[in-house]
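Student: quick one, fold the following:
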Amino acid sequence: MSMSVHLDGKVVNSEALFHTAMRDASGVEWYGGNLDALFDLMVGVVSEPIDIIWVDAAQSRAAIGERFDRLLTVIFDAIAYRGDGSINLRLES
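Tutor: Okay, the predicted model is just below:
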């Protein structure tokens, strides 16, 4: 199962809403909604390709604060772990 998720920074203004969007996009109802579950989802549950487009990311960053950076760190860690270009992240201000 591949995954494509479109996040809108005008709407995704909390970590909980980010995780809800990831759960909905993946179709994995048992997704745990935390940073460990996010990593597991991206490296072991969802197959390639994984496309994440985050428009108005600066608005999410302002609303979520440092947890936004933690979310991105987990996504970047998953990209590095897979190492095959199968995860694509695009942030738009």
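Student: and the helices in the protein, which stretches?
Tutor: Here the chain has its helices, by DSSP state H, at 15-26, 35-40, 57-64, 66-82.
Student: the longest one vs helix 15-26, what angle?
Tutor: Calculated by axes from the mean of the first three to the mean of the last three Cα atoms, to 10 degrees, helix 66-82 forms an angle of 30 degrees with helix 15-26.
Student: what residues does helix 66-82 touch?
Tutor: Residues from elsewhere that reach helix 66-82 (Cβ atoms under 8 Å, 6 or more residues apart in numbering): 15, 18, 35, 38-39, 42-43, 48, 52, 60-61, 64, 87, 89. Where you see a C-beta, it was placed from the backbone N, CA and C, and this is true even at glycine.
Student: narrow those residues to those that are buried.
Tutor: Neighbour-count burial within the contacts of helix 66-82 applies to 15, 18, 35, 38, 39, 42, 43, 52, 60, 61, 64, 87; the criterion is 16 or more other Cβ atoms under 10 Å.
Student: mind listing what the first one touches?
Tutor: Right, residue 15. Contacts of residue 15 (Cβ under 8 Å, 6+ apart): 64, 67, 68, 71.
Student: ok so, going back, closest to residue 2 out of the buried ones among the contacts of helix 66-82?
Tutor: Closest to residue 2 out of the buried ones among the contacts of helix 66-82 is residue 87 (10.7 Å), distances taken as Cβ to Cβ.
Student: what are the buried residues along stretch 66-85?
Tutor: 68, 71, 74, 75, 78, 79.
Student: now, which of those residues sits nearest residue 25?
Tutor: Residue 25 lies nearest to residue 75 out of the buried residues of stretch 66-85, by Cβ to Cβ, at 13.1 Å.
Student: residue ranges with poor pLDDT in this protein?
Tutor: 1 (pLDDT under 70).
Student: repeat that with 90
Tutor: 1-2, 47-48, 93 (pLDDT under 90).
Student: as a quick check, tell me the outermost residue of it.
Tutor: Taking Cα atoms, centre = their mean, the residue of the chain most remote from its mean C-alpha position is residue 84, at 17.5 Å.
Student: so what does it look like in phi/psi?
Tutor: Dihedral pair for residue 84: phi -120, psi 10, per degrees, to the nearest 10.
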